[in-house]
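In: sharing a sequence plus its predicted fold:
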Amino acid sequence: MLRGRHAYLCACRLHSVDAAIDCWGGNVIVDDKSQLNANRPVAPIDLTEGLRCPLLGVFGNDDENPNADQVNRTEAVLKRLGKTYEFYRYDGAGHAFFNTSRNSYRPEQAADGWAKVFAFLRTHLVT
């Protein structure tokens, strides 16, 4: 399963993707262009026009990568381009708040996030 930045990249580049989920994907927006190189030649946000499937975004408001401003800017691009997306943000949650083996795990936010993930998948993948 791809998540985060890689899911965003695949969804923008592979037209066979039926739905994508960006769980706290950092580096979708690249503010420091020195981070771009031969292995990472473009910021994923610059590929958004190619997004052809619905996108679910799940983010912690306390995350630093992506931070709240970057999530807002990603959402603005999706909206401007008329893409189908749903974004959910959680107070008191940082990066990887679904991960039960990390100190960042937030059970209440994770449970709600998982419910959103499963509902999104049922809507967009179950026929």
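Out: Cool, the structure landed.

In: okay, the residue nearest in space to the middle of the chain: pLDDT?
Out: Nearest residue to the geometric centre of the chain (Cα atoms, centre = their mean): Asp22, 2.4 Å. Looking at Asp22, its pLDDT stands at 95.

In: numbering from 643 from now on, please.
Out: Let's use 643 as the start, then, which means that last one is Asp664.

In: ok, it touching Arg645?
Out: Yes - counting by Cβ atoms under 8 Å, Asp664 does reach Arg645; the two are 7.2 Å apart. In this view, the C-beta of every residue, glycine as well, is placed from N, C-alpha and C.

In: by contact count, what packs against whichever helix in the chain runs longest?
Out: Of all the segments of type helix in the chain, defined by DSSP state H, the longest one is helix 749-767. With contacts defined as 3 or more Cβ pairs under 8 Å, 6 or more residues apart in numbering; DSSP states H and E, the packing partners of helix 749-767 are strand 662-665, strand 697-702, strand 727-732.

In: list the contacts of the residue nearest to the centre of the chain.
Out: Going by Cβ atoms under 8 Å, 6 or more residues apart in numbering, Asp664 touches Arg645, Gly646, Arg647, Ala649, Tyr650, Val670, Leu697, Leu698, Gly699, Val700.

In: without its sequence neighbours, what residue ends up closest to the first one?
Out: Think Arg645. Sequence neighbours aside, Cys665 is the residue nearest to Arg645 in space, at 4.7 Å (criterion: Cβ to Cβ, 6 or more residues apart in numbering).
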